[in-house]
Each structure stands twice: as C-alpha cells, then as structure tokens.
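> structure for the following, please:
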Amino acid sequence: MPANLPPPYFEAEKRYREARTAEEKIEALEEMLTIMPKHKGTDKLRADLRRRIAKTKTEAQQKKGSSKRDASYSIEREGAAQVVLAGAPNTGKSSLLGALSNAKPEVADFPHSTWKPTPGMVPYENIQFQMVDTPPITREYMDPWMADLLRRADILAILLDLHADPLQQLEDTLAVFRGLRIYPKGEAIPADLKKSPFVKKCLLVLNKMDDDKGEADYTAFLELSETRLPCVGVSVLAGRNFHVLLKELYSISEIIRVYTKVPGKEPDFTAPFVLPERSPLEELAEKIHKDFVDQLKFAKVWGKTVFDGQMVQKDHILQDGDIVEMHI
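Coordinates of the predicted model:
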C-alpha cells in the first residue's frame, strides 16, 4: 500500500537533512510524524521515525555538557493520556494537581512558585490520567523547555482564574500557544503558516468557582468569551466539580476502554486496555502481545454494537466498553 506522503512532509524531511543541532533534527522528525497520514502503508515508516526520534534524543542527552536538570524535564508519558496544565501565574495549577493526585507540587500564594514540571497520576473510574503541573506562562516569558512539553501532550488543560481577568488570561495563553504553532483542535489555522502546526485537544478549566458569585462569573465568562472550547468550572478550595472535570477529560481524550477475557471465565473490569477511538481488533492484539497479530484466528466480542459473543476478524472496529475473547 503506497504511503502517499503530502508535500509538507518532504519539506520537513529537507529541514531534517539540513539540521545542525539535535533539537532541530527532533523538531523536523516530529513534524514528519505529525504530517504523515496514518494507514497500513505508513506503519513501517512511522515506526522508523519514532526510532530515529528516540535515538536522536538519547544521543543528545549523552553528549558532553548535557545537564541532569535538562534531562529531568523530559516527562515519560504514563496512564491513559498525558494532560499538561498550562496558564498564567496563580491560577491554581499546582493546587489542582495536589488535590487530584498524590503528587506534592510546591504551592504558594506568590506567583512563579513552580519552576519545573511535576507529574502526578489522577484516577478516573478504572483508568488514570497523567497530569503535569508546569511553570506559569505569560506573553513576556515562558521557560524555553516548555514548548516541547506542550507540543507532546495529549491534552492541554488551560487554567484560568475567575477572580482575576479570565478573558485576558485566555487571550494571553492562546497567543503564547500560537507563537509555538500550537492550535486548539477546531480552531482555524493561518494559511500562511511556514511550518506545520501542532493541533491539540484543549480544555478550559476555570478555577475559584467557590460560591454563587463564582457560578455567576463562570456563566458571564461563557457568554463574553463565546469560546467554542470545552469548559469546566471548578473550585480547588472547595473540592468542587472534580468528577465533572475528569469526565470531560475522558470525553475529549478520544480513547476507549476495552476488556479481555479468557474462554469460560469472566472479564477483568479493573484493568482495561486503553486504545484510540476507532481502533481495529488487531491493534488490541498487538498491545497484548506482538505475536498475537499473526497468530490470531478470530475473536468473540460482547458490546453495544454486536450481539453477545459475535465472531469478528482483525479489522473489526472496537467500541468503548467492548469485551474481547481472543482465539489463536
């Protein structure tokens, strides 16, 4: 099956060949991976690009002069999705992470108390999200290393302070994102953009909705901003609407939970396999074990779109909540 690569891919490939630094090479390789269409004809090429990215990063970290501090800012992705908290100073990012996870970020009343990314695992039903606290960003300054973290995240949760000026905070944060070629999913992308954009799932989290006045401020924000981005109002102080926040994160994450069972036994509902939406059966098989893809004869599926125990083949598209019984 032909790869059918678009022209921007070859432009990024040219920048990779001409790159002089590891950072430039990694950026070009990641652009190539983003641009490349996802189908069977590009599977080997995508795998090769991932290997080259990993190799380039490893070599860069091993070079003389690479500091431990630089390496510590590379957050290994864990859980169902990586959610990076971003926003202006004192919006409550650290407090939110501390309330939702077992992480211990530094929380203070003064701005810029967070100076490095801090990850924590946040449980939601039978899965976990990895949430990452970050230093504040403003139009005037952002730590340079944050660009890579923001571009790699599965979801960007933009924290806004209802007690301050959330409209201005949102405008400033999105302006910084645009400077990094980061655009919320669904937002128009400039036609004259020189390099490929990083399109991200975004969620607006308006903190300090502590009381009736906070609810009124939240409603006013929705009306005045006319934003099309998904929004949730929370109160870290009162522990309010945390479940609504996590439910919304799951909704926009575009993932599904699939359960497996052994013939004659009940499925384990405590440890689902997490896959992207519209994943075929063969993707689940590969996640269980690489040899399953070739050895799999068929599978039986229980779910909303099939009758109980329906026999399916490798190209069957799985749905959230499906139970799968593999036969090899």
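> so where do the strands sit in the stretch 101-250 of the chain?
Counting by DSSP state E, counting those that start in this stretch, one finds strands in the stretch 101-250 of the chain at the ranges 118-124, 127-133, 155-161, 182-184, 198-207, 231-233.
> spatially central residue in this protein, please.
Computing the C-alpha centroid of the chain and ranking residues by Cα atoms, centre = their mean puts Asp154 first, at 0.9 Å.
> tell me who's in contact with that residue.
Asp154 is in contact with Arg77, Ala81, Gln82, Val83, Lys201, Ser253, counting by Cβ atoms under 8 Å, 6 or more residues apart in numbering. Every residue, glycine included, has its C-beta placed from N, CA and C.
> what's the neighbour count on Arg46?
If you count neighbours by other Cβ atoms under 10 Å, Arg46 ends up with 16.
> repeat for Ile158
Counted with other Cβ under 10 Å, Ile158 comes out at 26.
> also Glu223?
Glu223: 8 neighbours (other Cβ under 10 Å).
> just to revisit the earlier point, in PyMOL, select just the buried ones from the contacts of Asp154.
The buried residues among the contacts of Asp154 can be selected in PyMOL (16 or more other Cβ atoms under 10 Å) with this line:
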select buried, resi 81+82+83+201+253
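> determine which two of the contacts of Asp154 are furthest apart.
Arg77 and Lys201 (14.6 Å; Cβ to Cβ).
> surely Gly233 meets Glu215?
Yes: at 7.1 Å, Gly233 counts as touching Glu215 under the criterion of Cβ atoms under 8 Å.
> which one's more surrounded, those two?
Legend: neighbour count by other Cβ under 10 Å for Gly233 and Glu215, higher for Gly233 (23 against 15).
> got a list of what that one touches?
Applying Cβ under 8 Å, 6+ apart to Gly233 gives the contacts Leu162, Leu206, Met209, Gly214, Glu215, Tyr218, Asn241.
> how about the nearest residue to Gln295, chain neighbours excluded?
Spatially, and ignoring its direct neighbours in sequence, Gln295 is nearest to Ile328 (4.2 Å; Cβ to Cβ, 6 or more residues apart in numbering).
> and that neighbour, how many neighbours?
12.
> same check on Ala99?
Neighbourhood size, Ala99 [other Cβ under 10 Å]: 17.
> what ranges do the helices span in this protein?
7-18, 22-35, 43-62, 68-72, 93-100, 146-152, 166-179, 212-225, 242-253, 281-288, 292-295 (DSSP state H).
> highest mean neighbour count out of these?
Ranked by mean neighbour count under mean count of other Cβ atoms under 10 Å, the helices of the chain are led by helix 93-100, which reaches a mean of 23.
> CA atoms only for that one, dumped as CSV, please.
Provided in CSV are the C-alpha atoms of helix 93-100 (Å, rounded to 0.1, in the frame of the first residue of the first chain):
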residue,chain,number,x,y,z
LYS,A,93,-2.4,24.6,38.6
SER,A,94,-0.3,23.2,41.5
SER,A,95,-3.2,23.2,43.9
LEU,A,96,-5.3,21.3,41.4
LEU,A,97,-2.7,18.6,40.8
GLY,A,98,-2.2,18.3,44.6
ALA,A,99,-5.9,17.9,45.1
LEU,A,100,-6.4,15.3,42.4
